[in-house]
Each structure stands twice: as C-alpha cells, then as structure tokens.
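Asker: Just the structure for this:
(chains A and B)
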Protein chains: 2
Amino acid sequence: MVIRQREPVNFEYPFDRLDTFLTPNSLFYIRSHFKTPALDRESYQLHVDGAVAKALSFRYGELRDLPAEKRVATLECAGNSRIFLVPQVEGAQWQLGAVGNAEWTGVRLRHVLEQAGLADDATEIVFEGADRGKPKEAPCPPEPILYARSLLRAKALSDEVLVAYQMNGQDLPADHGYPVRLIVPGHYGMASVKWLTRIHAIRGTFQGYWQTSDYAYWEEVDGEPVRAPLSEMAVKSQIARPSTYEVVPGGQPYKVFGACWCGAAQVEEIEVSTDGGASWVSAEFLDEPRRFAWRRWQSIWQVPKEPGRYELMARARDSNGQRQPEQHNANYGTYVINHPFAIEVFVDGPATGDGPGH
Amino acid sequence: MVIRQREPVNFEYPFDRLDTFLTPNSLFYIRSHFKTPALDRESYQLHVDGAVAKALSFRYGELRDLPAEKRVATLECAGNSRIFLVPQVEGAQWQLGAVGNAEWTGVRLRHVLEQAGLADDATEIVFEGADRGKPKEAPCPPEPILYARSLLRAKALSDEVLVAYQMNGQDLPADHGYPVRLIVPGHYGMASVKWLTRIHAIRGTFQGYWQTSDYAYWEEVDGEPVRAPLSEMAVKSQIARPSTYEVVPGGQPYKVFGACWCGAAQVEEIEVSTDGGASWVSAEFLDEPRRFAWRRWQSIWQVPKEPGRYELMARARDSNGQRQPEQHNANYGTYVINHPFAIEVFVDGPATGDGPGH
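Answerer: Residues are numbered from 1 along each chain as shown, chains lettered A, B, ... in the order given. The predicted structure is shown next:
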C-alpha cells in the first residue's frame, strides 16, 4: 500500500496493479479521519433512535441473524486524484488509488429502519461512527466529535444501502469499519460510515461538520452559492497502465488498461487519447454494466516508433449523458477531481537524452 | 512512480519493487524544487570561477572529451521515510522510495578544478543549478534564487565526486539533471546538484538557503545549537518486501528482502525483527560491500501459523560502528529519518475479523 498518512491510517491502492473486478481487501484503500476504534463484536451495539416509533438496539449476533444481502459497490474517496490539482492543495495527496470495488454483505438498511418504525415525516437519517476526534480545518468545533454523515430518506430506503459486516466474503478488517459499517452504493466513500454505532432519524436537515464544512461544495441556488453535501460519485475513468513515467517500447502494441465508474447511472462509453487529448478512440469494456460497480476497460495503443514523451488520457460518458468535464470545477474545492488528466509516459528509443522528463 | 507532488516533479520509487542492484532510470526517484529547466547540450556551458587561477567555461562536448569515469552511488533524499514521522510534519511525504542506486558516468570534479587552478586557500566549492524559484519555508528570500549547495574542499577534491552526464549508461533524463549534474557519493541527494551550470570556489563558509535554512540541522557546539549543513548519509536499512499491510500466508517461509546503505563507511551487519523489535536475527547480504553503493539483503522468516498483525523492522551497523538510532533525532528536524520503523503486515488465517488492521 502507498502510505499517504501514517496516523490516522490513510493508505492508497497502487492503482497500476489493477487486475481483478473485485479489489482484494489487503489492497483496498483506507481513508480514516481518526484513530481506528477498537470495537469487539461481543459488546458491539447498533442503536436506532430519533424519529422512529420505537428505539431499538441490535447486537452483532442479532444483525447476523437478519436476512443477508450482497451488493457489489465501487467506493471512491471524494478527494481521489487530488495530487493532480496544480498548484498543490491541502488534504491527503491521493493519486489514483483512493478507489476500489468490493462485494459487501449485510442487512438492508431499510429492513433495520422498518423494524424501528421510521416516522413518515423523518426526512434524513444520520449515521454515527465510533471514530472520534477534532477536525483541523476551519470552521472546526471546539471539542472532539464523532464522525457523522446523513442520507436523504429516499436513498436510505433504497434497495441498495446496506448495514454491512463483510467485505469480499471476509469479516470487515478493522480499518474498514469492523465489525459493522454502512455501505452506500453510488455515493462517495464518505457516506459509507465505518464503525457504525448509531442510526438517528431526524426531521429537518443535518448540519454536521462533515455534511456542511468538509465533504460539501458550493451549489448555486437562485444565483447564490449555498453549501451542499457531496453525495453521488461523478462519472470518471482512470488509466491503470501504463503508469506515470513508465517507459514503453516503441513500435509495438501496448494494452492500455483501466476502470471507469459513476454514481447515478452506468458508464456507457469510454475513450482514450494518446496525444494529450487532441484525438480520441473508443476503448473496449471488459465488464458488463452493473449498477454501482466499476467497469474495467482496455484499448490497444499502437505505440509510435519515435521516442519521446506522450500524454495518455481517458474520458467516459454515462447513460444519463453525463461526461467528464474538461476542467476541475472550482465549486467542488479539493473534491470531485474527475476531469481527464494526463498520464505522462515515455517511448523508449536510442539513448539521446530524450528519455523520461525530456 | 508514486507521485508525491505533481509540480514541481516529486516522484517516488515504489520500493516494494526493489529487484536489481542498479535502479532502472525510469523508477529512480525524482526530487525537484522547481520546474525542470529546459537545457540543451548545444548551448550548455559549465562556468568555473571564483577562487581559481583562471576562470573557465566548458561546453558539453568539451566535458565529453575529458577522461570519463564511472561511479556506482546510492542517492537518498534527506527526507526519505518522512511519512513515518508521527504526528505528520511538513515536506514531501516520502515513504521508502526516495532512494536509488545507479552507475554514473562523468568527469572527476577534481580534474575540472585542477584545470581551472583551484586556489590553495579556497575552502569550499559552491555548485549552482539552473533551476530557479522562490522557496516557501521561512526564512525565505524575497526574490527567486537558483538552487545551490557547497562542498568542503576535501570532499570536492576526493576521487569519488563526478561532474556526470550519464546514468546507468544513458544520457541523464531531463528530471535527473540533463545534460550535466554533480554526483556526490556518500552524501544525501541534495548535494548532487542537478542542471549544474556554475562551479564557484570560495574562501569562507557558504551561507546559501539550502545550506543553512533548508537541508541543515542543529549541531551542538560548546553547548550551543548551531546550524550545520546535512552531508553524509546516516546508516539505514529498509524492508522492501513484505510491504505495509501486505497479507502473508501463515505457516510458511517468507523471504524478507531489502537494502541498506550509509555514507561514510560500509554496512557490515544487518538484522531483522519480526516482533516489533523485541528480538533480532542476522540477515544475509546479497551484494559484496562496495563503498557508496547499497547492499541488498534477505532473511527467511518462518511465518507463524497464528493469524494476526506483525511488525517487521530492520537495523544496520556500519564499519565505523555506527548503528541506526532507536528514535528519530529531533536535531535533524524533518530529515535523517533512519531509526528502525515498523512495517505492519498481517498473517492470513481463517476469516475472523482479525484481518488487516485488527
């Protein structure tokens, strides 16, 4: 794993090793805000309260006894690819690897909310993790707080959202939320609250730190910028191979390989440029479309004989007609970095000083 | 390459891919302070002036016509492994890969200085690169400056220092100093000035930004801390494999693999711990001792059957008796991170939630 921060643990998938459709647990990126809480399944409890008919608590074993569901979902950190923003900005300097695709096992959130009797006028559901600390970016609260995010009622009651306890058929690793986390397919990773210990239904709009200060953006409403929480992943594609500064042999075919995904629909088209965006060719999907899961793709590049520096890019379009933007949208601040950025590679030739970086 | 900063280019060797004695050019770490200067060999000139009998200029072709020498030297960035400092500090967040070993070809610096007639009372030689900009950390100069470092006379006249134009038999890549750089075997990488365009002999002590503010440390002299420039690399060892959070199979032998180096002498002993430093075993060197070059090593770990989290560490001792310190020395600030730090790995077992991070 590529370490981006040692404590708390923020580790990145070396994305040039992209291979299988499902990302192995040991390579799945870890984005934590605070120290990993030490929870055990014996004392674990999930509290459900607020705008419900009857507050409930579930022990770990009780959750495991409810009907189990499986969902494949790609999770991407909203700050993935931040290192491509120039000049450099604050925050974890993710390259391409703050994204992964796994099969999650758990209980439908809807099932849990139905058992508690969600009030008809509950508008949002707040999810609290057991991880706790003091955020550093202003406006920061004066005392340590728990990590918390909310979902709108409709998403919370959708078929796809899980209260999950397994990842690729194994119990959740500690850094991935052991013993229980939320999984919100289609949303950026910050929605899939790890170490989930409380589900709190509310009437109104949740105004927590990670909902309004962090993981939020400027949305224009009636001509005024207002703060809105990040939610669905924007359409995006990434090149896994070749990787930055790789030297590729000239005059031979090279299999450009990557993945693409989006939150609200399915990626329908993927294109690759090997000349810095001047021209584009369609790439081939390697996975059938499957809502909430990435699709791997490939494209054969007939590498020129001429040695030199080449810029590779990829861009995708989803079934709603959304395309990757040409530039990063400043309203998203240091998040939603889904414009096509160049992967610089070098075509090998005679030793002339025209090598990497020239 | 792992990107640590996109502009200027600061790219890291994925150290878990350590393999050959010589690091391929395309994987050799790049540490640049400013934009890569665009130099060409036709107009290139190396000026030698200051405390010399006769100021000289060398064109690129003239340097190539001088007797060529080859030196194998390990270069390590003085900030390598900075990501292991907790809490996180300022500066490029290198993991293990801001180090590499290459064979450099060029002209002896001594030969160049002799041609110019170095004055008997010249005490230091200042080296200027063509890279230029304004450093960000205080105390920062008000206007853009050239990158510059000095060497003491004795080191500058030593047999090992080269005015180099090739790296592993190929012309220097642009990001590595094309067409000409200094190579100072034994010293941290900041001494091997890239895009070398001026050699300036002085009487006195050079007080440049990268000599006194950055790349400097607090040395105690007569009970007072005084600023001293970083120079020789401290003895250090690193584990390439397994890498952080790797999952290794239980009950089988695993070949722990790494490299070690130092600046002033040769590494004579290398030890590995698989229990967080409680006990140590000797590892086996894979390379003969060779001054200024790293030595790869290996150690067979009989991995326990018990699944769980294990902390691997390595430590070295050089032929001067210097050992890696147990803790980072605060006098070095964010540099010289050569204490043995733990590589956390997980031994695979039945799925119990005792997986990675637990």
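Asker: Please confirm that A:Thr74 is located within a helix.
Answerer: No: going by DSSP: H, G, I helix; E, B strand; the rest coil, the assignment for A:Thr74 is strand, not a helix.
Asker: what's around it, how many residues?
Answerer: For A:Thr74, the count of nearby residues is 24 (other C-beta atoms under 10 Å in any protein chain shown). (Glycine included, C-beta is placed from N, CA and C.)
Asker: does it really touch A:Val99, like I thought?
Answerer: Yes: because the distance of 6.6 Å satisfies C-beta atoms under 8 Å, A:Thr74 is recorded as touching A:Val99.
Asker: So for the two, which residues contact both of them?
Answerer: Taking C-beta atoms under 8 Å, 6 or more residues apart in numbering or on different chains as the contact definition, A:Thr74 and A:Val99 share the neighbouring residues A:261, A:294.
Asker: what's around the nearest residue to A:His47 once chain neighbours are set aside, how many residues?
Answerer: Closest residue in space to A:His47, ignoring its immediate chain neighbours: A:Arg198 at 4.7 Å, by C-beta to C-beta, 6 or more residues apart in numbering or on different chains. Number of residues near A:Arg198 (other C-beta under 10 Å) recorded here: 19.
Asker: Tell me the pLDDT of A:Glu137.
Answerer: Predicted confidence (pLDDT) for A:Glu137: 80.
Asker: That one: what's it in contact with?
Answerer: Applying C-beta under 8 Å, 6+ apart, we find A:Glu137 in contact with A:90, A:213-214.
Asker: Nearest residue to A:Tyr13 in space, ignoring adjacent ones along the chain?
Answerer: Sequence neighbours aside, A:Gly97 is the residue nearest to A:Tyr13 in space, at 3.5 Å (criterion: C-beta to C-beta, 6+ apart).
Asker: so who does the one you found touch?
Answerer: When contacts are counted by C-beta under 8 Å, 6+ apart, A:Gly97 touches A:2, A:12-15, A:29, A:80.
Asker: so, if you compare those residues, which one comes nearest to B:Gln327?
Answerer: Closest approach to B:Gln327 among the contacts of A:Gly97 (C-beta to C-beta): A:Val2, at 25.0 Å.
Asker: Neighbours of that closest one, how many?
Answerer: Going by other C-beta under 10 Å, the residues that sit close to A:Val2 add up to 28.
Asker: can you check A:Glu220 too?
Answerer: Counted by other C-beta under 10 Å, the residues lying close to A:Glu220 total 10.
Asker: Please apply the same query to A:Glu69.
Answerer: For A:Glu69, the tally of surrounding residues (other C-beta under 10 Å) stands at 16.
Asker: who are the neighbours in contact with it?
Answerer: With contact set as C-beta under 8 Å, 6+ apart, A:Glu69 has these partners: A:105-108, A:162.
Asker: same question, A:Gln322
Answerer: A:234-235, A:262, A:264-265.
Asker: list the contacts for A:Leu109?
Answerer: The neighbours of A:Leu109, taking C-beta under 8 Å, 6+ apart as the test, are A:125, A:156-157, A:161-163, A:182, A:199.
Asker: Could you do A:Trp261 as well?
Answerer: Listed by C-beta under 8 Å, 6+ apart, the contact set of A:Trp261 reads A:74, A:76, A:99, A:101, A:233, A:235-236, A:267, A:293-295.
Asker: Put the buried members of the contacts of A:Glu137 into a PyMOL selection.
Answerer: Here the buried members of the contacts of A:Glu137 are turned into a PyMOL selection, burial being counted by 16 or more other C-beta atoms under 10 Å in any protein chain shown:
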select buried, chain A and resi 213+214
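Asker: Nearest to B:Thr23 among the contacts of A:Glu137?
Answerer: Taking C-beta to C-beta as the measure, B:Thr23 sits nearest to A:Glu90 out of the contacts of A:Glu137, at 31.8 Å.
Asker: That closest one contacts A:Tyr335, correct?
Answerer: No: under the criterion of C-beta under 8 Å, A:Glu90 is not in contact with A:Tyr335, lying 11.7 Å apart.
Asker: before we move on, back to that, mind listing which of the contacts of A:Glu69 are in strands?
Answerer: Using DSSP state E, A:105-108, A:162 are the members of the contacts of A:Glu69 that sit in strands.
Asker: Help me confirm that A:His111 is found in a helix?
Answerer: Yes: read with three-state DSSP, A:His111 is one of the residues of a helix.
Asker: list the contacts for it?
Answerer: With contact taken as C-beta under 8 Å, 6+ apart, A:His111 is in contact with A:66-67.
Asker: Need the nearest residue in space to A:Val336, chain neighbours excluded.
Answerer: Nearest non-adjacent residue to A:Val336, counting by C-beta to C-beta, 6+ apart: A:Ala234, 5.3 Å away.
Asker: From what I see, the one you found and A:Cys260 are in contact.
Answerer: No: taking contacts as C-beta under 8 Å, A:Ala234 lies outside contact range of A:Cys260: 11.4 Å.
Asker: all helices for chain A, in order.
Answerer: Across chain A, reading from the start of the chain, the helices by DSSP state H fall at A:60-65, A:109-116, A:153-156, A:209-212.
Asker: and the last one, C-alpha only, in PDB?
Answerer: Only the C-alpha atoms of helix A:209-212 are listed here, as PDB (Å, rounded to 0.1, in the frame of the first residue of the first chain):
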ATOM      1  CA  TYR A 209     -19.200  19.100  10.300                       C
ATOM      2  CA  TRP A 210     -18.700  16.500   7.600                       C
ATOM      3  CA  GLN A 211     -22.000  17.500   6.000                       C
ATOM      4  CA  THR A 212     -21.600  21.200   5.700                       C
END
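Asker: Can you name the residues in contact with that helix?
Answerer: Looking at what lies outside helix A:209-212 - C-beta under 8 Å, 6+ apart - the contacts are A:135, A:140-141, A:145, A:147-150, A:190, A:227, A:229.
Asker: Next one: A:Val248, what pLDDT does it get?
Answerer: For A:Val248, the model assigns a pLDDT of 96.
Asker: Around chain B, pick out the residues from the stretch 101-250 of chain A.
Answerer: Proximity of the stretch 101-250 of chain A to chain B (C-beta under 8 Å from any C-beta of the partner chain) is limited to residues A:169-176, A:178-179, A:243-247.
Asker: Among those, which pair sits farthest apart?
Answerer: Spatial extent of those (C-beta to C-beta) is set by the pair A:Pro179 and A:Val247 at 45.5 Å.
Asker: quick one: which of the two has more around it?
Answerer: Set side by side, A:Pro179 and A:Val247 show unequal neighbour counts under other C-beta under 10 Å, the larger going to A:Pro179 at 22 against 19.
Asker: Please tell me how far the residue nearest to the more buried one when sequence neighbours are not counted sits from A:Ala164.
Answerer: Sequence neighbours aside, A:Arg41 is the residue nearest to A:Pro179 in space, at 4.6 Å (criterion: C-beta to C-beta, 6+ apart). In this structure, A:Arg41 and A:Ala164 are separated by 14 Å, where distance is defined by C-beta to C-beta, to the nearest Å.
Asker: neighbour-wise, which of the two wins?
Answerer: Comparing A:Arg41 with A:Ala164 by neighbour count (other C-beta under 10 Å), the higher total belongs to A:Ala164, at 29 against 17.
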